[in-house]
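In: Pasting the sequence and the predicted model now:
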Amino acid sequence: MSFLFVGSTGDNAGHTLLTWAILRRLTKIGLRVGFMKPFGTRPTQVDGQWTDQDAVLFKEVLGLSEPLGEICPFPNPRCDGNETETIDFVEDLKRSIEALSKDKDVLVIMGSRHIFFDEPSRPLPDISLVPLLGADFVLIHRHRQISKSLYSILSVCSLLRENMRGIIFNRVPPDAVDLLRERVLPSLVQKGVPALAALPEDPFLSFRSLREIKEVLCGEVLCGEQGLERPVASMTVGSHDLPLDLMLFKRVYNKIVLLSHREMEEGDAEMNSRPLAGILITGGRHPAAQLIEAARKESIPLVLIKDDTFAALERLEQNPSVLSKRDEMKIRRFTELLDRENGLDSLIGRLRLRP
């Protein structure tokens, strides 16, 4: 049995996406793969019990039979008010690992938001948990500044050198990609740091679907339900982007216009409008029948929400996007980015996979 611990330096680095990509690749090469997330970071309730959204996602993705209580044994300590002693935690963790490892070749363990994250309700930070388990370790890091990136990565490597199997730089600003690939990564490799890939910022991976927006805001679909999987790139309270056949909505002030992404091709003039993904009607009042009919004719989803416009925007801001099994396009795209630099296969080749 082998263990692979997937850690992050926080800052929405792409922790769940990398974990998903690794799980898929390990499964693809014929390994029996299990999953565990000891500490919950994204609490949710399933059948009245607290668990973690990543635990729910990967239980479904892998088709695991183990209960969520074992996949994420410490889901939400703040909600139950209990603190766990280190000794009790280690014993409980060993029991869960034994159950989750049965008939598996490798157990992928997803860490907390940050490799150095520590608080009283969590007896061990990831940086201490990795050597305790004797696990292989891969780190995903969101790159913003070279000095900060190097400080974070070298700090982790100094503590986990024996466990470190790979580092992925993610969400790299376009103007920094070449510098990282040509100078920073080779320099780290020369120092014995397994820097495997530098992935550029890809706006598509940050988009949320209209369905997710509807669920966050507890909305009611008035028409266009078939379009709820459309990715939403941006929002506006204005009417500039409305197509001619939907100009009726120009007189509606309690609305949020949801816009899709459109790639600018070379030689294109500046776009005057962006593709429409859907329209939210805010404030809880049903729109006139002619508005619903106009949206239906254009196959544009129309969603009614109770919050007023600014409360809805604030709520979306405070609820970061959550991946679900429907996000197949995102995981494919992220995997393609990794494979362009041979990042996944390089990582798999460095793992201590044992029968």
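Out: Nice, I can see it. All values derive from a computational prediction rather than experimental measurement.
In: if I pick the closest residue to Asp11 other than its chain neighbours, what's in contact with it?
Out: In space, not counting the residues next to it along the chain, Asp11 is nearest to Arg142; the distance is 4.5 Å by C-beta to C-beta, 6 or more residues apart in numbering. C-betas here are computed from N, CA, C, even on glycine. Residues counted as contacts of Arg142 (C-beta atoms under 8 Å, 6 or more residues apart in numbering) are 9-14, 170-171.
In: at 7 Å what do you get?
Out: 9, 11-13, 170-171 (C-beta atoms under 7 Å, 6 or more residues apart in numbering).
In: Which of the residues you listed fall in strands?
Out: Cross-referencing the contacts of Arg142 with the strands (criterion: DSSP state E) gives 170-171 as the overlap.
In: Return the distance of the residue nearest to Asp11 relative to Phe39.
Out: The gap separating Arg142 from Phe39 is 20 Å, by C-beta to C-beta, to the nearest Å.
In: sorry, back to before: write the PyMOL selection for whichever of the contacts of Arg142 are buried.
Out: Selection of the buried residues among the contacts of Arg142 in PyMOL, burial being defined by 16 or more other C-beta atoms under 10 Å:
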select buried, resi 9+11+13+170+171
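In: Would you map the helices across this protein?
Out: Counting by DSSP state H, the chain forms helices over residues 15-28, 53-62, 68-71, 77-80, 86-101, 126-133, 146-160, 177-179, 185-190, 210-216, 289-297, 309-318, 328-340, 343-350, given from the N-terminal end onward.
In: Looking at those, which is nearest to Gly283?
Out: helix 309-318 (7.5 Å; C-beta to C-beta).
In: then that closest one to PDB, C-alphas only?
Out: In PDB, the C-alpha atoms belonging to helix 309-318 read as follows (Å, rounded to 0.1, in the frame of the first residue of the first chain):
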ATOM      1  CA  THR A 309     -29.100  42.700  -6.500                       C
ATOM      2  CA  PHE A 310     -26.200  43.800  -4.300                       C
ATOM      3  CA  ALA A 311     -26.900  41.200  -1.600                       C
ATOM      4  CA  ALA A 312     -26.800  38.500  -4.300                       C
ATOM      5  CA  LEU A 313     -23.500  39.800  -5.700                       C
ATOM      6  CA  GLU A 314     -22.100  39.800  -2.200                       C
ATOM      7  CA  ARG A 315     -23.300  36.300  -1.500                       C
ATOM      8  CA  LEU A 316     -21.600  35.000  -4.600                       C
ATOM      9  CA  GLU A 317     -18.400  36.800  -3.700                       C
ATOM     10  CA  GLN A 318     -18.400  35.100  -0.300                       C
END
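In: could you say what helices and strands that helix packs with?
Out: In terms of contacts (3 or more C-beta pairs under 7 Å, 6 or more residues apart in numbering; DSSP states H and E), helix 309-318 is packed against helix 210-216, strand 255-259.
In: Repeat the analysis, applying 10 Å as the threshold.
Out: Secondary-structure packing of helix 309-318 (3 or more C-beta pairs under 10 Å, 6 or more residues apart in numbering; DSSP states H and E): helix 210-216, strand 234-236, strand 255-259, strand 276-281.
In: Between helix 309-318 and the third one, find me the angle.
Out: Put plainly, it is strand 255-259. Using axes from the mean of the first three to the mean of the last three C-alpha atoms, to 10 degrees, one finds that strand 255-259 and helix 309-318 are set 40 degrees apart in direction.
In: Quick one: distance of strand 255-259 to the chain centre.
Out: For strand 255-259, the separation from the chain centroid amounts to 24 Å (computed by C-alpha atoms, centre = their mean, to the nearest Å).
In: Let the chain start at 28 from now.
Out: Okay, using 28 as the starting number, the last item reads as strand 282-286.
In: Check which strands are paired with it and give the direction for each one.
Out: Take DSSP bridges as the rule and strand 282-286 pairs in its sheet with strand 261-263 (antiparallel), strand 303-308 (antiparallel).
In: Looking at that strand now, give me its mean pLDDT.
Out: Summarised as a single mean, pLDDT over strand 282-286 is 96.
In: that older thread, any idea which of the strands paired with strand 282-286 is most buried?
Out: Each of these was assessed for mean neighbour count using mean count of other C-beta atoms under 10 Å. The highest is strand 303-308, with a mean of 24.
In: CA atoms only for it - export them in PDB, please.
Out: What follows is strand 303-308, C-alpha atoms only, in PDB (Å, rounded to 0.1, in the frame of the first residue of the first chain):
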ATOM      1  CA  LEU A 303     -25.200  36.100 -22.800                       C
ATOM      2  CA  ALA A 304     -25.300  33.100 -20.400                       C
ATOM      3  CA  GLY A 305     -28.500  33.900 -18.400                       C
ATOM      4  CA  ILE A 306     -30.400  36.600 -16.400                       C
ATOM      5  CA  LEU A 307     -31.100  36.700 -12.700                       C
ATOM      6  CA  ILE A 308     -34.200  38.500 -11.600                       C
END
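In: Show me the shaky parts of the stretch 78-227 of the chain.
Out: When the per-residue scores of the stretch 78-227 of the chain are filtered using pLDDT under 70, the ranges that remain are 103-114, 145-148.
In: before we move on, back to that, mind giving me JSON lines with the helices and strands packed on helix 336-345 and columns for distance to Lys352?
Out: Output for these, formatted as JSON lines (distance: least, C-beta to C-beta, whole Å):
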{"stretch": "helix 237-243", "distance to Lys352": "12"}
{"stretch": "strand 261-263", "distance to Lys352": "25"}
{"stretch": "strand 282-286", "distance to Lys352": "22"}
{"stretch": "strand 303-308", "distance to Lys352": "21"}
